[in-house]
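*Asks:* just to be clear, the model below is a prediction. Sequence and coordinates:
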Amino acid sequence: MRLFLPDEKIWQAQFKVNSPYFSDEAKQDGKFGKNSYSFCLPLETAQENLFIDIRSSAIDYLRRNEIKWHSGHGTNPSNHLCDSQVCCINFLFPFADKPVALAELLRPFFPDLQTMLPLEDEQYVAFEWIGATNYLGEKISRMGKRTRGANFTSADAAVLFQNSKGKKQILLIEWKYTEAYSSTWLKYAPSGTDRTSIYQHLYDAEDCPLKNSLIPSFDALFYEPFYQLLRQQFLAHEMEKAHELGAEKVTLLHIAPAHNKDFRDVTSPDLRSIDVSAISVWKKIVLDPSTFTSVCTEDLFGRFDIQRFPELREWFEYICTRYAWVTE
């Protein structure tokens, strides 16, 4: 039985009505698909799904870089208050121009981190990062362009830092919020394309970043969240080989709420013998432990010393109110 998302819908609906962060117009029910819901904003107020201090800059950043909003409306984000992409941007975008605060946030988990480096547009956090080239050999549209946030493997966010040895390291961030997955086999796309054929060459390569001997079959990885982790890990590996942005190391950083126990299910029947949760399975599958790190959202932000960064105080209050579980 799924518990986290239903509870979060109730909380977000209450937060919308009772908090000072939304206009009176935004406090009405919003249409999502064919129906209207209390946990959605009216479409014309969808921009209010973002913290006010980052609202215009975040929308402009995505527009400027032609990044797709998930379930968005034109240049505005999704109107669903439980949207994962919106959650990611609400948490991380305030750090895009604050390298010292960002280093403070990440250093407990990456103690070798010395200083943050700008990654894109002089920002220290980039979003929907797909890499400099088509590393995975994914199909490009007739327009000849890769799209960030849709139809290509995209990291929800990415950061770049220099370590104490002067080497550069990229963190590809996979962000989770209310996600939960079923045991639906994703080997075949709705178009009929066999997805294994796209990534088979990476899995068969001598330098595959996964322990093939531990995995019953390549097909066993085509269940969420393993299918996402597979592509993200391949992307990190290929970026590292190419020394993208001068990086010597590329690590996949998985961030998810500890409160979301629904996400832990091992959805692939053939992987259930490896371990009892999706992330613990992935940790055992990855060949080099330093290329994958999993952090609870509560631990990441719960350790952050807001007293040192008064310019982030209003944002932190917003986060702790809207996403109350983060400090529980």
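*Replies:* Structure's in. What do you need?
*Asks:* show me the contacts for Trp226.
*Replies:* Residue 226: Phe, not Trp. Going by C-beta atoms under 8 Å, 6 or more residues apart in numbering, Phe226 touches 220, 267-268, 271, 278, 281-282. All C-beta atoms are positioned from the backbone trio N, CA, C, and that covers glycine.
*Asks:* take those residues and write them to CSV, including distance to Ala58, pLDDT and secondary structure.
*Replies:* As requested, those are exported to CSV (distance: C-beta to C-beta, whole Å; pLDDT from 0 to 100; DSSP: H, G, I helix; E, B strand; the rest coil):
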residue, distance to Ala58, pLDDT, secondary structure
Ala220, 37, 98, helix
Thr267, 32, 97, coil
Ser268, 35, 98, coil
Leu271, 36, 98, helix
Ala278, 29, 97, helix
Val281, 34, 98, helix
Trp282, 30, 98, helix
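*Asks:* go through these and say which is closest to Phe4.
*Replies:* Ala278 (14.3 Å; C-beta to C-beta).
*Asks:* for that closest one, grab the count of nearby residues.
*Replies:* Number of residues near Ala278 (other C-beta atoms under 10 Å) recorded here: 24.
*Asks:* isn't it up against Thr267?
*Replies:* Yes - counting by C-beta atoms under 8 Å, Ala278 touches Thr267, with 7.2 Å between them.
*Asks:* what sits in contact with each of these two?
*Replies:* What both Ala278 and Thr267 touch, as defined by C-beta under 8 Å, 6+ apart, is the set 225-226.
*Asks:* right, and the helix or strand after the host helix or strand of Glu128?
*Replies:* Here Glu128, judged by DSSP states H and E, is contained in strand 126-129. Moving toward the C-terminus from strand 126-129, the next helix or strand (DSSP H and E) is strand 155-163.
*Asks:* tell me the helix or strand right after that following strand.
*Replies:* Immediately after strand 155-163, counting by DSSP H and E, sits strand 168-175.
*Asks:* and the nearest residue to Gly246 once chain neighbours are set aside, how far from Phe95?
*Replies:* Nearest non-adjacent residue to Gly246, counting by C-beta to C-beta, 6 or more residues apart in numbering: Lys168, 5.0 Å away. Distance of Lys168 to Phe95, given as C-beta to C-beta, to the nearest Å: 18 Å.
*Asks:* with neighbour numbers in mind, choose between these two.
*Replies:* Per other C-beta under 10 Å, whichever of Lys168 and Phe95 has more neighbours is Phe95, with 25 against 17.
*Asks:* residues contacting the more buried one?
*Replies:* 101-102, 105, 124-125.
*Asks:* and those, which is closest to Gln307?
*Replies:* Ala101 (11.8 Å).
*Asks:* chain center to the host helix or strand of that closest one: distance?
*Replies:* Here Ala101, judged by DSSP H and E, is contained in helix 99-106. Its chain's C-alpha centre and that of helix 99-106 lie 18 Å apart, by C-alpha atoms, centre = their mean, to the nearest Å.
*Asks:* run through who's touching that helix.
*Replies:* 95, 113, 115-118, 124-125, 159, 161, 171, 300-301, 304-305, 308-309, 312.
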